[in-house]
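Asks: The following block contains a protein sequence and its predicted model.
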Amino acid sequence: MEKLRKKDDIEQSAKIILSSANGAPGLTRNRYRSAYAEVLDKLKQEFLERYEKKSLSSGDGLDKYVPVKTLGKGSFGHVFLVKYKEGDVEAFYAMKVLDKRRMMKLEQVDHSLNEKKILESVRFPFIVSMKQCFKDNSYIYFIMPFINGGEMFTHLRRMKRFTEVLAKFYAAQVVLSLEFLHYCDILYRDLKPENILIDQKGYIKIADLGFCKIVKGRTWTLCGTPDYIAPEIILSKGYGKAIDWWSFGVLIFEMNAGYPPFIARDPIRVYEKIVSCQYKCPGAFSSDLQDLVKNLLQLDLSRRYGNLRNGVQDIKTHKWFRDTDWLAVYNCQIQPPFVPQIKSIGDVANFDESTEENKLRVSEHMWYKDEFESF
């Protein structure tokens with residue numbers, strides 16, 4: 001259980017580097033970029049070392065974890081809140097359970113193995129990482145931190161829409177997260193409020209890395225959520241990192257408006273609006289916000305922010321982010337505009353009430369031993 005509690009050294013060293021740079025008098029934009037490039041280099045090196053290392057399931061098993069509540073349901077299994085107890089140690093975790101037979105039926109074994117490798121390799125302040133993995137006759141289990149502030153989607157629906165201050169606070173963390181993933185040649189491919197969690201301090205954690213993929217050029221896989229999918233995916237043109245910046249444009253629109261820019265009852269109609277870029281910003285949007293949205297929701301890849309010569313810097317230096325201290329954001333030194341109410345570490349009040357409680361039924365027969373040998 002020691003590896004569940006061990007602090008990641010590289011994240012600490014990265015924070016020290018940035019804190020030193022941040023504390024230097026007259027920190028210029030170029031010095032910031034240089035300091036942060038050093039951080040990204042270290043984080044990428046550590047990611048690749050973990051990713052390329054062969055890892056097997058841990059010795060712990062389901063008997064160490066007591067399911068408390070169902071947090072969510074996915075295509076291949078469920079996510080449970082579980083309680084771990086060993087001696088005086090008691091902790092809560094999110095346990096993602098993948099059904100072997102369903103994964104085989106839908107030909108998703110390689111896909112899920114890739115998710116496992118990325119989850120256990122990624123270390124970044126605003127991205128969920130995996131603490132442990134194990135398996136039994138029927139299931140694969142991913143043990144991850146329980147982020148008890150709930151989904152951004154839930155809070156957005158409760159508030160109707162976020163203020164620009166709150167939306168900008170969340171957006172800055174998403175920008176840094178995508179910058180890190182892209183630096184590691186990872187496409188996220190499923191950015192949306194449902195996949196962003198809020199922790200007990202008010203900062204975000206991007207979750208559900210199931211669609212993440214290491215891509216150094218282009219890929220053609222059709223995936224994503226209809227409201228957030230980029231036009232080049234719909235048109236089967238092949239795509240790269242620019243799709244995540246399109247989705248980021250949709251995200252900041254929805255955070256500020258309370259609804260996504262492309263809406264229709266029929267998904268086909270949604271796609272038609274996306275490929276023709278038919279949307280209208282609410283009058284409440286500031287001129288700077290409208291300008292950033294316009295430059296992100298660009299059909300022309302040669303004009304889409306994040307995909308130009310300056311890359312992510314076009315976004316980080318945009319007028320909407322003029323008052324954003326990127327180093328302070330990375331180091332979690334900003335007081336969040338909103339902090340979720342949490343009564344205890346195992347509090348689930350910030351999650352939507354689940355009407356379906358599922359019991360795990362582990363078979364006496366070992367299903368697909370060879371196919372899941374790498375897990």
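Replies: Cool, the structure landed.
Asks: tell me the contacts of Asn295?
Replies: Listed by Cβ atoms under 8 Å, 6 or more residues apart in numbering, the contact set of Asn295 reads 303-305, 314, 318. All C-beta atoms are positioned from the backbone trio N, CA, C, and that covers glycine.
Asks: same question, Val175
Replies: Applying Cβ under 8 Å, 6+ apart, the residues near Val175 are 248, 312, 315-316, 321.
Asks: ok but it is inside a helix, no?
Replies: Yes: assessed with DSSP: H, G, I helix; E, B strand; the rest coil, Val175 lies in a helix.
Asks: For Arg361, give me the pLDDT.
Replies: Arg361 carries a pLDDT value of 85.
Asks: any idea where the strands of this structure begin and end?
Replies: 65-73, 77-86, 89-99, 132-135, 139-145, 186-187, 196-198, 204-206, 213-214 (DSSP state E).
Asks: Out of those, which one sits most buried?
Replies: Ranked by mean neighbour count, those are led by strand 196-198 with a mean of 26 (mean count of other Cβ atoms under 10 Å).
Asks: Now tabulate the contacts of Val175 in a markdown table and tack on pLDDT, distance to Met130 and neighbour count.
Replies: What follows is the contacts of Val175, written out as a markdown table (pLDDT from 0 to 100; distance: Cβ to Cβ, whole Å; neighbours: other Cβ atoms under 10 Å):
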| residue | pLDDT | distance to Met130 | neighbour count |
| --- | --- | --- | --- |
| Phe248 | 98 | 24 | 25 |
| Val312 | 97 | 26 | 20 |
| Ile315 | 98 | 28 | 24 |
| Lys316 | 97 | 29 | 20 |
| Phe321 | 98 | 31 | 18 |
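Asks: returning to what we had before: most neighbours out of the contacts of Asn295, which is it?
Replies: Among the contacts of Asn295, the one with the most neighbours (other Cβ atoms under 10 Å) is Tyr305, at 25 neighbours.
Asks: Can you tell me which residue is spatially central in the chain?
Replies: Closest to where the C-alpha atoms of the chain average out (Cα atoms, centre = their mean) is Ile206, at 2.5 Å.
Asks: Pull the contacting residues for that one.
Replies: Shown in contact with Ile206 (Cβ under 8 Å, 6+ apart): 126-128, 174, 177, 188, 191, 195-197.
Asks: Fine, thanks again, bye for now.
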